[in-house]
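Peer 1: Sharing a sequence plus its predicted fold:
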Amino acid sequence: MEKTVVLLKPDALQRGLVGEIIHRFERKGLKLVALKMTKASEAIIEEHYAHHKDKPFFAGLKKFMMSAPLVCMVLEGKDAIAVVRKMAGVTNGREAEYGTIRGDFSISQSNNIAHVSDSEEAAKEELHRFFEEADLHDWDRTISPYLYGEDEL
């Protein structure tokens, strides 16, 4: 099964949306294998958003991401990266479709509730950036046969 990283940004925490968002992922059938709250350092944010470093909004993004703790999680499932990206919606909350996390809860380009991994390579990098090996939990999910067909397990 594929793993992906989700970072719930300070706006999700401040607005009391953490439980609702986790609930959506769990209802979809994704398996929560890591969950923690962390105050991201300037170095971690600069590494994570290095591709935006020269953009005019970078200083504001960095300040925002350090304004409150992040809720970091790893979700696991068949095609988890694509599923989570679809559930999150497009980056700009004003353009995100109703029914997606950003479409329902965000009206901003940068204060958009969540960061989600955009590729398998990014998911692996982000997993190592935000989690220790001991943070990941391999546990048996007894309902798996009710979530996936035999050929998908």
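Peer 2: Received it, and whenever you're ready, just let me know what you need. Computed from a predicted structure; not experimentally measured. Numbers count the residues shown, from 1 in each chain.
Peer 1: those helices in this structure, which residues are they?
Peer 2: Applying DSSP state H to the chain gives helices spanning 10-14, 18-28, 42-48, 58-65, 80-88, 101-105, 120-130, 144-147.
Peer 1: now those as a markdown table including mean neighbour count and mean pLDDT?
Peer 2: Heads up, the C-betas are built off the backbone N, CA and C, glycines and all. Listed next are the helices of the chain as a markdown table, based on neighbours: other C-beta atoms under 10 Å; pLDDT from 0 to 100:
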| stretch | mean neighbour count | mean pLDDT |
| --- | --- | --- |
| helix 10-14 | 19 | 97 |
| helix 18-28 | 15 | 98 |
| helix 42-48 | 14 | 94 |
| helix 58-65 | 15 | 92 |
| helix 80-88 | 19 | 98 |
| helix 101-105 | 21 | 98 |
| helix 120-130 | 16 | 97 |
| helix 144-147 | 12 | 92 |
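Peer 1: now those as JSON lines including distance to L136?
Peer 2: As requested, those are arranged in JSON lines below (distance: least, C-beta to C-beta, whole Å):
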{"stretch": "helix 10-14", "distance to L136": "22"}
{"stretch": "helix 18-28", "distance to L136": "16"}
{"stretch": "helix 42-48", "distance to L136": "18"}
{"stretch": "helix 58-65", "distance to L136": "23"}
{"stretch": "helix 80-88", "distance to L136": "14"}
{"stretch": "helix 101-105", "distance to L136": "23"}
{"stretch": "helix 120-130", "distance to L136": "8"}
{"stretch": "helix 144-147", "distance to L136": "18"}
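Peer 1: Can you give me the distance of A123 to E133?
Peer 2: Distance from A123 to E133, counting by C-beta to C-beta, to the nearest Å: 15 Å.
Peer 1: And I113, by the same measure?
Peer 2: 28 Å.
Peer 1: Tell me which of the two has more neighbours.
Peer 2: The neighbour comparison of I113 against E133 (other C-beta atoms under 10 Å) goes to I113, with 28 against 7.
Peer 1: Quick one, grab the pLDDT at the residue nearest to the spatial centre of the chain.
Peer 2: Nearest to the mean C-alpha position of the chain, by C-alpha atoms, centre = their mean, lies V6 at 1.4 Å. At V6, the pLDDT value in this model is 98.
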